[in-house]
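*Asks:* Build me a structure from this.
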Amino acid sequence: MKKIKALAAVLALVMTASVALTGCGEKSPGTDEGKDPETKDPVTLAINVGPEPDTIDPALNSAVDGGTVINHAFEGLMTLDKNGVPTEGQAKSYKISDDGLTYTFTLRDDLKWSDGTPLTAEDFVYSWNRAISPDTAADYAYMFEVIEGYEDGKLNVTAKDEKTLEVKIISVTPYFLELCAFPAYAPVQKATVEKDVEGWATEAETYVGNGPYVMKEWVHDAYILMEKNENYWNFEKLGPDEIKFVLMEDDNAKLSAYENGELSFIDSMPNAELERLSSEKDFYKEGQLGTYYVSYNTENEFLKNPDVRAALTLAIDRVYICEKIGQSGQEPAGAFVSTGLSDADVSKEFREVGGDYYNPTDYEGNLELAKEHLAKAGYPNGEGLPTFEYLYNENTGHQQIGEALQDMWSKIGVNVELVSQEWGTFLNTRKNGEYDIARNGWLADYNDPITYLDMWITDGGNNDAQWSNKEYDELISKVKKSSDAKERMELMHKAEDIIFEEWMLAPIYYYVDTYMLSENVEGFYSSPLGFKYFMYSSINE
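*Replies:* Sure thing, here's the model as predicted:
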């Protein structure tokens with residue numbers, strides 16, 4: 001992937017790669033464009049964005065596939081438009097105080113839940129506080145840390161009346177409106193949630209939302225069928241009558257279903273087919289803000305040694321993985337925070353200012369350094385180390401990368417056994433720290449480097465490494481409390497320095513987004529954050 005100059009450049013790539021697509025809201029569903037004029041049967045768009053989701057509770061989800069489903073059933077105060085810019089969603093308008101610390105949102109008139117009951121500002125107060133509650137145990141609880149009251153367990157978020165929400169934040173937060181468009185910030189219906197805390201988001205009958213589509217049917221491990229939500233404020237601009245999220249994990253099966261016309265969209269293909277597919281008109285490659293990396297369980301008896309982790313990190317041939325396995329223009333990663341994010345001086349990238357922590361293209365030089373680190377740790381040529389397990393979820397690309405890592409690590413005397421799990425099991429095994437080494441990946445949640453860094457605070461919900469560093473925690477806290485752009489960036493660079501002083505993860509490459517989209521589908525758009533948007537698409541004969 002070419003170096004991307006800030007988020008605007010990434011978004012430009014998205015638009016350039018999607019020249020065949022039209023903007024959202026161009027098709028009116030109230031006419032023959034929404035249904036077949038001959039039969040009036042519902043027009044259904046069948047797509048695949050992943051297997052059975054681990055969860056589609058907005059507060060609990062931390063996966064991109066689950067987030068895409070949630071974005072079709074729920075909507076926050078803001079939403080992202082086709083350019084990735086936050087725009088009004090459930091909010092009709094908003095005002096920001098002169099000091100930048102108070103946001104006042106005015107909701108649209110007559111907002112309703114999908115069951116027809118009224119939605120008010122109080123629903124946001126309830127939902128945001130639910131997301132930070134220890135009882136909820138949300139991975140993204142820390143995402144609300146920018147709001148006053150987080151540390152005390154009660155957010156300074158007030159419903160002034162049914163249509164007015166006032167939010168007090170602790171410091172000037174340039175990405176706050178983007179947070180308000182993120183799934184974790186979506187409202188949930190209190191009565192529905194509290195009637196069945198554990199199960200409300202697991203069946204169509206109880207999945208009450210406020211977004212453009214409402215769940216009609218959920219056949220687990222097969223498909224989720226959504227239909228247009230007649231209670232949605234922008235109903236008249238919605239696209240297909242139905243969106244069918246076909247739940248599949250096997251890349252070969254996905255491609256077969258796509259080429260047979262059973263699916264109109266897939267975003268995961270067999271690696272062996274990428275060279276052939278890349279020349280097709282319906283193959284897209286776009287910029288994406290994200291890093292594919294390896295997690296170490298830092299509580300493991302042997303992997304708690306930073307030099308062992310350094311050895312494993314440096315022994316990876318990133319160029320080989322990108323060119324021979326990825327085959328889509330991925331860029332070898334020399335750090336964790338990806339390319340594409342601005343620094344304090346917006347003419348420069350955070351990555352450009354921070355630089356690399358090792359040369360990601362110098363495999364032979366890194367291999368020698370890896371051997372030195374292993375010897376320093378007391379395990380020359382891997383002597384004395386056990387066989388580690390490398391955990392990954394079922395996918396041809398992940399498997400091939402695992403096999404490559406297994407071979408590369410053997411060159412420094414480290415033996416690794418490969419273990420694959422289905423998606424939902426894999427997510428929970430990794431989250432619970434029940435692994436040695438695991439495949440991982442992170443896509444930015446918004447346009448700020450802190451989205452890569454605050455996940456590693458002690459006991460953070462997305463801290464799969466089980467890592468803890470007091471100095472790091474203090475730096476992240478200072479970032480969240482600072483309103484000075486230059487100071488924030490300097491603190492974040494120091495935080496990333498600590499990650500590589502301890503070698504607590506191993507970056508492999510910066511993501512690109514590849515997908516197949518049927519040529520008769522228009523109006524679809526994809527975010528550099530990984531989410532896919534089908535709600536304003538149309539299907540042409």
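*Asks:* hey, let's count contacts and neighbours off CA atoms from now on
*Replies:* Noted.
*Asks:* how near is residue 479 to residue 451?
*Replies:* Noted for residue 479: a distance of 12 Å to residue 451, by Cα to Cα, to the nearest Å.
*Asks:* Which one of those two is surrounded by more residues?
*Replies:* Per other Cα atoms under 10 Å, whichever of residue 479 and residue 451 has more neighbours is residue 479, with 22 against 15.
*Asks:* How about the more buried one, nearest residue that isn't a chain neighbour?
*Replies:* With sequence-adjacent residues excluded and distances taken as Cα to Cα, 6 or more residues apart in numbering, residue 479 is closest to residue 488, at 5.1 Å.
*Asks:* Give the buried residues for the helix of greatest length in the chain.
*Replies:* Criterion DSSP state H: the longest helix present in the chain is helix 485-501. The neighbour-count check on helix 485-501 (16 or more other Cα atoms under 10 Å) flags 488, 489, 490, 491, 492, 493, 495, 496, 497, 499, 500 as buried.
*Asks:* Could you find which two of those are furthest from each other?
*Replies:* The span of the buried residues of helix 485-501, defined through Cα to Cα, is set by 488 and 500 at 19.0 Å.
*Asks:* TSV for the buried residues of helix 485-501, including pLDDT and distance to residue 401?
*Replies:* Supplementary listing: the buried residues of helix 485-501 in TSV, determined by pLDDT from 0 to 100; distance: Cα to Cα, whole Å:
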residue	pLDDT	distance to residue 401
488	97	35
489	97	33
490	98	34
491	98	33
492	98	30
493	98	29
495	98	28
496	98	25
497	98	26
499	98	23
500	98	22
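*Asks:* Quick one: the helices in the stretch 151-300 of the chain, in order.
*Replies:* For the stretch 151-300 of the chain, the helices defined by DSSP state H, counting those that start in this stretch cover 176-179, 190-195, 251-259, 274-277.
*Asks:* gap between the last one and the chain center?
*Replies:* For helix 274-277, the separation from the chain centroid amounts to 25 Å (computed by Cα atoms, centre = their mean, to the nearest Å).
*Asks:* The first one now?
*Replies:* In terms of Cα atoms, centre = their mean, the gap separating the centre of helix 176-179 from the centre of its chain is 15 Å.
*Asks:* which helices and strands does it pack with?
*Replies:* The contact analysis (3 or more Cα pairs under 8 Å, 6 or more residues apart in numbering; DSSP states H and E) places helix 176-179 against strand 78-80.
*Asks:* ok, now with 10 Å
*Replies:* Helix 176-179 is packed against strand 78-80, strand 86-88, with contacts defined by 3 or more Cα pairs under 10 Å, 6 or more residues apart in numbering; DSSP states H and E.
*Asks:* So for residue 16, what's the pLDDT?
*Replies:* Listed pLDDT for residue 16 reads 33.
*Asks:* go on, residue 373?
*Replies:* What the model reports for residue 373 is a pLDDT of 98.
*Asks:* which element follows the helix or strand that contains it toward the C-terminus?
*Replies:* Here residue 373 sits within helix 363-376, counting by DSSP states H and E. Counting by DSSP H and E, the next helix or strand C-terminal to helix 363-376 is strand 388-393.
*Asks:* Correct me if wrong, but residue 519 is in a strand.
*Replies:* No - counting by DSSP: H, G, I helix; E, B strand; the rest coil, residue 519 falls outside a strand, being coil.
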